[in-house]
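Student: I need the structure of the sequence given here:
(chains A, B and C)
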Amino acid sequence: MTENLLEVHGLRTEYRSDGRRFTAVDGIDFTVGPGEILGLVGESGSGKSATLRSILGLIKPPGRVEGRILWRGRDIHGLAPSALQRVRGAEIAMIFQDPMTALNPVLTVGQQIRESLAAHTDLSASDRQRRAIELLDLVGIPAAASRLDDYPYQFSGGIRQRAMIAIALAAKPALLLADEPTTALDVTIQDQIIKLIQRLAAELRMSVILVTHDLGVVAESCDRVAVMYAGRIVETAPVATLFRSPRHAYTLGLLQSMPVGRSPRTPLPFIPGAPPRPGDSLNGCAFAARCAFVGDECRHGRPETRHVGLDHMTLCRRAEALPAALEPA
Amino acid sequence: MGYWRFVLRRLLQSAPTFALITVLIFLLVRLLPGDPASAMLGDRATDEAVARINASLGTDLPIASQFLRFLGRLLSGDLGQSQALHVPVTELIGERMPVTLLLAAYAMVLATLISIPLAFLMALYRDRPLDIALRGAFQLGLSMPTFYLGLLFLTVLGAHLRIFPVGGLGRGPVGILYHLFLPALTLALGLAAVITRSLRAAILEVLQADYIDFARAKGLSERVVLGRHVLRNALISTVTLFGINLGQLIGGAVITETVFSLPGVGRLLIDAIFGRDYPVIEGLTMCFAVLVSIIFIVTDLFQAWLDPRVYR
Amino acid sequence: MTVDTVDRRPNRLQPPLIFGTAILTLMLITALLPQFVAPYDPTRFDYHATLAPPSLAHLFGTDMYGRDILSRILWATRIDLQIAVFSTVGPVIVGTLIGTLVGYYGGFADIVLNRLVDVVVTFPFLVLVIGIIAILGPGLTNLYIAIGLVDWVFFARLARAEILVQRRLDYAHAARGLGYGPARIIFRHLLPNAIGPIITYWMTDMALAILLGSSLGYLGLGAQPPLAEWGALIADGKNFMATAWWITVFPGIAIVVAGFGFSLAGDGVADLLRRRE
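Tutor: Reported below is the predicted structural model:
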């Protein structure tokens, strides 16, 4: 394996509200290789979005970020604003969940592409215009040239998400952070967008961190996957490995509650209980209260990362008690 | 395209408003107790004197034909003769209006120059001492009547410190701007207090929007994020308020002109009231209403230009 | 996940409300019993002490006739508080009633009201009031009438909007479903729920009335001499600004404090109503 593009060490992100602190991300480590698509999976509130926002320095005070975020070997956490601006968009870009709220409603799509180009390239005004058309074309928007002067509200949901991707890719970033890019879309459109991201990653040799709560999306598009629960990454593995033999009870529960491959009209298994709320003080494994395989050792101390196979890590102390492989249902 | 169609529609929409304004002003002068003739002449007026005035004003005709005459004159741009000065009202207004318009425009520019930077400062340093102090100052400022603020400026900066002139219009563009500075500032501060408060709240709201995070994630400089993305969206909700308060500003000009002894239409109105000069009062009120309507139209058009979702 | 920015301080009396109410209470006491609060007779001339600067004998100095400024300001509280209350009480009641009925029944009345609102906001408030006073003649009573003729429109607009919101809520449907008559629905159910913003606006409006009343007093269109009114007091002193600043400065401070009191109380009430929800 070649050197990692992004290495995150001990990332902790805290929000503050009402004078109380909430830990959104609770000390996580992960890496992204060149051209790799990493899936980041978990329920809402597990800290996925906060992780992405922390990478780009988008956590606003009084929120706080700790840890090291190495981009091509350089720590970009706590960079001066001007230096951070040269990384954002140009090297690491980000797209958001809802293109309706993430695109500026009063600027045309063309304006929103051109301002990225103006910030990161030396292109002349006419070249920026030409490049903007190319970008809309690249993301598969029909009649690209005629849509540059349209406002976001004039697009349909799927086209809007394509436009946001085009804007994000304007300055040819090497890593795309995609924060649930399909959640706000119609089911029929979701697949198209995922395919588009895959295609672009391959064509532009771009890495992607794809945040989602949909394991189906992960199975379809990712190389590696990290499962988050209550602000920690509980398991990391190549996609095939994780789906075949999960080594964390939470991952196992998630996989079992997928409807894929089950016969119709059979009830889906679900994970009983609810995840701990941010701010709850935890002793032991955060999942212990809901876990079917819980043991005494799970209730005390902070779980540490364990290697359980090639490129396969888990926080679960009872990994060996789990079934060796997920039976096909 | 879409925008110009919106402009046309907005102009057409204001037609009934103008019609109602005309009717209202006409009725106001005629239906309220106290008729012009006896008000002008006092208690000891003779009957024939009253009749003469009524004939010259046309107030002896039935109300419907009075209205038609009023309307006909209005459409031909005739607002009648001043009873006190014996010159056409349009001429009087034409002489005085430039001063008032200049004063109002000057105040508008000052208010904008004050509110936009302050609103950003207050929003970015939210709940810090600077923000709290300015909020308190504006709250106090809103409780301060225009004429009092004007008198204080006039006395302290004019008479005592002699930084600014205490009267007159000055000569040449620089001289005029210098002489009008204190009255314009007096008017501007009240407007700025309202606008800054609203703009600060709008900026705080916009700063929470996803598209601001997206703009930052694109690597735009903070100057572009604030000046382009935040300001434009925050202005949308503030522009309407700005328009409404600009209308009130024209009213404030009446007082400011009195305090600073400026020869604008405000002074003309007060003089006309004390002189019971009804045609002048009627004409001026009409002028103010039209002026404010135009301000409202411009405001709406500006808002639509800022926010394309308004006209589609 | 986004940062939670909603302020959820515990439900207790906030400083603005306490401070605002305190100012208004002091004003009320002064207005009701000026003779006990004021150190001098506000109309007594003293030719031995004309234009006297602030001193222990005359805290705020004296005017050109030797009248005690502090006493005149305190007596004027009565007039200015009257302006605040008398010129707004009618508009609040009439405007709220009309707005409520229009909001509930809608139809043609709704169109008329909306047009009227459009027109009234087109006039600078001050110009309209001055225009009416021009016809009725200067004086306090005419000031109340002039403000009242215009001001009710704003309350009608507000009440209409509030009733429209309340009407659409479930409980209103439920009340109709129970077969209650319109009067009972409007006055027992809708209005009590819509009254909060109206009261809040009333507070602001009283502050505005004081500003307007004193402005007209300054122009000589409001309270007429010998009545002491803050704006008229300022006008008395405007020719002495360079030599006897205290004649104008102190009544102005009284206006600012009164306006501040009303807006603080208004903010406090609004805050209280928001928290109650």
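Student: Show residues contacting stretch A:263-273.
Tutor: Under the contact criterion CB atoms under 8 Å, 6 or more residues apart in numbering or on different chains, stretch A:263-273 has outside partners A:250, A:253, A:254, A:256, A:257, A:259, A:262, A:289, A:290. To be clear about C-beta, it is placed using only N, CA and C from the backbone, and glycine gets the same treatment.
Student: give the contact list for residue B:159.
Tutor: Contacts for residue B:159 (CB under 8 Å, 6+ apart) come out as B:166, C:241, C:242.
Student: Scan these and report the most crowded one.
Tutor: residue C:241 (21 neighbours; other CB atoms under 10 Å in any protein chain shown).
Student: Quick check, the residue in the stretch 151-277 of chain C closest to chain A?
Tutor: Residue nearest to chain A within the stretch 151-277 of chain C (CB to the nearest CB): residue C:275, separated by 14.7 Å.
Student: Tell me which helix or strand that residue sits in.
Tutor: helix C:246-276 (DSSP states H and E).
Student: is any part of that helix close to chain B?
Tutor: Yes. Helix C:246-276 lies within reach of chain B by CB under 8 Å from any CB of the partner chain, at C:248, C:249, C:252, C:255, C:256, C:257, C:258, C:259, C:260, C:262, C:263, C:264.
Student: Check which helices and strands that helix is in contact with.
Tutor: helix B:129-142, helix B:146-153, helix C:15-32, helix C:69-105, helix C:191-219, helix C:230-237 (3 or more CB pairs under 8 Å, 6 or more residues apart in numbering or on different chains; DSSP states H and E).
Student: among these, which is nearest residue A:57?
Tutor: helix B:129-142 (24.0 Å; CB to CB).
Student: quick one: buried residues of stretch A:314-328?
Tutor: Neighbour-count burial for stretch A:314-328 flags A:314, A:315, A:316, A:317, A:318, A:319, A:322, A:326 (criterion: 16 or more other CB atoms under 10 Å in any protein chain shown).
Student: Closest to chain B out of those residues?
Tutor: Nearest to chain B among the buried residues of stretch A:314-328 is residue A:315, at 29.7 Å by CB to the nearest CB.
Student: Skipping its backbone neighbours, what lies nearest the closest one in space?
Tutor: Distances taken as CB to CB, 6 or more residues apart in numbering or on different chains place residue A:303 nearest to residue A:315, at 4.2 Å, with adjacent residues excluded.
Student: The one you found contacts residue A:316, doesn't it?
Tutor: Yes. Applying CB atoms under 8 Å as the test, residue A:303 and residue A:316 come out as touching, 7.2 Å apart.
Student: Contacts only, for the residue of the stretch 201-329 of chain A at minimum distance from chain B.
Tutor: Proximity of the stretch 201-329 of chain A to chain B (CB to the nearest CB) peaks at residue A:209, 13.1 Å away. Neighbouring residues of residue A:209 by CB under 8 Å, 6+ apart: A:32, A:38, A:40, A:52, A:175, A:176, A:177, A:178.
Student: Okay, buried residues for stretch B:295-311 please.
Tutor: Judged by neighbour count (16+ other CB under 10 Å), stretch B:295-311 contains these buried residues: B:295-297, B:299-304, B:306-308, B:310-311.
Student: Make a markdown table out of the contacts of residue B:159 and add pLDDT, secondary structure and distance to chain A.
Tutor: Putting the contacts of residue B:159 into a markdown table (pLDDT from 0 to 100; DSSP: H, G, I helix; E, B strand; the rest coil; distance: CB to the nearest CB, whole Å) gives the following:
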| residue | pLDDT | secondary structure | distance to chain A |
| --- | --- | --- | --- |
| B:166 | 73 | coil | 45 |
| C:241 | 77 | coil | 48 |
| C:242 | 76 | coil | 51 |
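Student: Not counting its neighbours along the chain, what's nearest residue C:96?
Tutor: With CB to CB, 6+ apart, the residue lying closest to residue C:96 is residue C:159, at 4.5 Å.
Student: Surely the one you found is within a helix?
Tutor: Yes. Per DSSP: H, G, I helix; E, B strand; the rest coil, residue C:159 lies within a helix segment.
Student: so how far is chain B from it?
Tutor: The gap separating residue C:159 from chain B is 19 Å, by CB to the nearest CB, to the nearest Å.
Student: Help me confirm that that residue comes into contact with residue C:101.
Tutor: No. Residue C:159 is beyond contact range of residue C:101, at 9.0 Å (criterion: CB under 8 Å).
Student: more crowded one of those two?
Tutor: Of the pair residue C:159 and residue C:101, residue C:159 is the one with more neighbours under other CB under 10 Å, namely 28 against 19.
Student: OK, contacts around the more buried one?
Tutor: C:95, C:96, C:97, C:98, C:99, C:100, C:103, C:194, C:198.
Student: what's the nearest residue to the fifth one if we skip its chain neighbours?
Tutor: Of all residues beyond its chain neighbours, the one nearest residue C:99 is residue C:159 (2.9 Å), with distances taken as CB to CB, 6+ apart.
Student: related to what we said a few turns ago, so the residue of the stretch 201-329 of chain A closest to chain B: helix, strand or coil?
Tutor: Secondary structure, three-state DSSP: residue A:209 is strand.
Student: Quick check, pLDDT for it.
Tutor: According to the prediction, residue A:209 has pLDDT 93.
Student: How about the residues of the stretch 101-250 of chain C by chain B?
Tutor: By CB under 8 Å from any CB, the residues of the stretch 101-250 of chain C that approach chain B are C:115-116, C:118-119, C:121-128, C:130-137, C:207, C:211, C:214-215, C:218-221, C:231, C:234, C:238, C:241-242, C:245, C:248-249.
Student: May I see the ChimeraX selection of the buried members of these?
Tutor: Buried residues among those (16+ other CB under 10 Å), as a ChimeraX selection:
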select /C:118,119,121,122,123,124,125,126,127,128,130,131,132,133,134,135,136,207,211,214,215,218,219,220,221,231,234,241,245,248,249
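Student: intersection of neighbour lists for residue A:303 and residue A:316?
Tutor: Contacts common to residue A:303 and residue A:316, judged by CB under 8 Å, 6+ apart, are residue A:285.
Student: Give the bridge partners for the residue of the stretch 201-329 of chain A closest to chain B, please.
Tutor: Judged by DSSP bridges, the bridge partners of residue A:209 are residue A:38, residue A:177.
Student: And it, how far from residue A:176?
Tutor: 8 Å (CB to CB, to the nearest Å).
Student: Confirm residue A:14 sits in a strand?
Tutor: Yes. Applying three-state DSSP, one finds residue A:14 inside a strand.
Student: Might one say that it is in contact with residue A:26?
Tutor: No. The criterion here is CB under 8 Å, and residue A:14 misses it with residue A:26 at 9.3 Å.
Student: Identify the spatial nearest neighbour of whatever residue of chain A ends up closest to chain B, chain neighbours not counted.
Tutor: Residue nearest to chain B within chain A (CB to the nearest CB): residue A:89, separated by 3.1 Å. Among residues not flanking residue A:89 along the chain, residue B:219 sits closest, at 3.1 Å (CB to CB, 6+ apart).
Student: per-residue confidence for the one you found?
Tutor: With respect to pLDDT, residue B:219 scores 88.
Student: dump the residue contacts of residue 166.
Tutor: No chain was given, so I picked chain A. A:109, A:113, A:135, A:136, A:138, A:139, A:141 are the contacts of residue A:166 under CB under 8 Å, 6+ apart.
Student: looking at chain C here, not the other one
Tutor: Residue C:166 is in contact with C:172, C:189, C:190, C:193, C:194, counting by CB under 8 Å, 6+ apart.
Student: hmm, try it at 6 Å
Tutor: Shown in contact with residue C:166 (CB atoms under 6 Å, 6 or more residues apart in numbering or on different chains): C:190, C:193, C:194.
Student: a markdown table please, covering the helices and strands packed on helix C:246-276 and showing distance to residue B:101.
Tutor: Listed next are these as a markdown table, based on distance: least, CB to CB, whole Å:
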| stretch | distance to residue B:101 |
| --- | --- |
| helix B:129-142 | 25 |
| helix B:146-153 | 18 |
| helix C:15-32 | 38 |
| helix C:69-105 | 31 |
| helix C:191-219 | 21 |
| helix C:230-237 | 27 |
